[in-house]
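A.B. asks: Provided below are the primary sequence and the corresponding predicted coordinates.
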Amino acid sequence: MAKTAEKLAKELELGEYPVNYYDYIVESFVNGQKTQCVNLFKRLVKSDRITFITNYLDERDYFHNETRDLIIRQTLK
């Protein structure tokens, strides 16, 4: 069942804000945990998925771009 980024961040004790969960998704990618990265994204409710892709990820950041590309490739399969 999908949950909000805020709720997931609290459940994983990452902090109390959606950005804490978004950071965790990118950190998973950076650490080579690509499957985990995609699975974390898939746990989000649709509105938070949109926010993550369109507002959180910075196109000037290499890892943000690579994370976005991975998620798009994996979710469009």
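C.D. replies: Right, received. Where do you want to start?

A.B. asks: Spatially nearest residue to residue 65, not counting backbone neighbours?
C.D. replies: residue 59 (6.3 Å; Cβ to Cβ, 6 or more residues apart in numbering). In short, each C-beta sits where N, CA and C put it, glycine included.

A.B. asks: Spell out which helix or strand contains the one residue sitting closest to the centre of the chain, please.
C.D. replies: Compute the mean C-alpha point of the chain, and by Cα atoms, centre = their mean the closest residue is residue 25, 3.9 Å away. Element membership of residue 25, judged by DSSP states H and E, is helix 18-30.

A.B. asks: thinking again about what came up before, and the residue nearest to residue 65, what pLDDT?
C.D. replies: Looking at residue 59, its pLDDT is 94.

A.B. asks: That one: what secondary structure?
C.D. replies: Three-state assignment for residue 59 (DSSP: H, G, I helix; E, B strand; the rest coil): coil.

A.B. asks: Flag the shaky bits of the protein, pLDDT-wise.
C.D. replies: For the chain, no stretch is flagged by pLDDT under 70.

A.B. asks: residue ranges for the helices of it, please.
C.D. replies: Per DSSP state H, the chain carries helices over the ranges 5-11, 18-30, 34-42, 46-51, 62-75.

A.B. asks: Relative to residue 64, how far out is residue 55?
C.D. replies: Using Cβ to Cβ, to the nearest Å, one gets 11 Å for the distance from residue 55 to residue 64.
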